[in-house]
Each structure stands twice: as structure tokens, then as C-alpha cells.
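S.K.: Have a look at this prediction, sequence included:
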Amino acid sequence: MDHELVTLAESGAAVVVGAMATDLWCSVKDGTLAVFRRLGHDRQRTVTEQLDRNAELVRDADRPEEARRALFAFWALELAAVLRQEPDLAPELTRLVTEFQGDRQRLAYTQNNTAHDHGTVYAVQHGDQRVVRSAEG
């Protein structure tokens, strides 16, 4: 399989699993199903059920990011198989990736801050943070 199509399948998988259990899920799910539309009603129904089960796994997981990482390989293989079977579906998958990739990246930030002993952590992920220290005597 062409390296570009493998990369596209992996990008698609990242968008799909990244959107699971987020506000973007319904839109990404619809876009994903559009990729499978030409493969027939039975195949589309199977994919719908798989997407729903996987989204539930992510939603119910104690560690959603670990669940997403585990599901990534499955969806990369699934989308690569679709592109192998129907290479002309690449533009549909490209549309999905282009439309949602920026949103997926925006939602995917993780931040861990730890202070030890008498340390203090001041952290912000987006925007500004003001720290004002009062003079205590």
C-alpha cells in the first residue's frame, strides 16, 4: 500500500479516536461513516456498532487516553483496509482529517504538574495566568 494512504489512514484513526467521548464525537462519527458509505449497508452498520462500542470504552475508561491509544491501531488498520479496497475513498477520508484534525489537536492536550516538599506550581495550558503574592508579615 502507498505510504501516503497509510499516513492518511493513521491520521484518520487519530481523528476518530481523539474525538471519542468529546463534544466532536457525533460529527466525527458521521464523517467516518461517510467514508464507509460505499461499502454497503451491512458494512456501514457493523462500523457504526464498532464506533459506538469503542466510544463507550473511552467514555467509561478510568484512563481515556490509554483507551484511545489502544484503539488507534485498530482504526488505522480498519481505515487502511478501506483505502486498499476502495482507493477512491481517499478524498472522503482526507476531508474528515482536514475538517477535524485541528480540533482533535486542540482537545488532546494533557498537563501534569507536581510540586514536592514546599514547592508551588503555577501552570496554565491556554491563556494567561496572573500570580499575585501578598506581603505577609
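M.R.: Structure received. Numbering: from 1, shown residues only.
S.K.: Arg133: what secondary structure?
M.R.: For Arg133, the secondary structure call by DSSP: H, G, I helix; E, B strand; the rest coil comes out as coil.
S.K.: count of residues packed around it?
M.R.: By the criterion of other CB atoms under 10 Å, Arg133 has 5 neighbours. C-beta coordinates here come from the backbone N, C-alpha and C atoms, glycine included.
S.K.: Just read off the phi/psi values of it.
M.R.: Main-chain dihedrals, Arg133, degrees, to the nearest 10: phi -100, psi 130.
S.K.: Check the gap between it and His41 for me.
M.R.: Per CB to CB, to the nearest Å, Arg133 is found 64 Å from His41.
S.K.: With Leu51 instead?
M.R.: Distance from Leu51 to His41, by CB to CB: 15 Å.
S.K.: which of the two has more neighbours?
M.R.: Leu51 (20 against 8).
S.K.: give me every residue that touches that one.
M.R.: Residues near Leu51 by CB atoms under 8 Å, 6 or more residues apart in numbering: Val16, Lys29, Thr32, Leu33.
S.K.: what's near enough to touch the first one?
M.R.: The one in question is Val16. The contact partners of Val16, taken as CB under 8 Å, 6+ apart, are Val28, Thr32, Leu51, Trp75, Leu79.
S.K.: Please tabulate those in a markdown table and include secondary structure and pLDDT as additional columns.
M.R.: Shown next, in a markdown table, are the contacts of Val16 (DSSP: H, G, I helix; E, B strand; the rest coil; pLDDT from 0 to 100):
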| residue | secondary structure | pLDDT |
| --- | --- | --- |
| Val28 | helix | 94 |
| Thr32 | helix | 95 |
| Leu51 | helix | 97 |
| Trp75 | helix | 97 |
| Leu79 | helix | 96 |
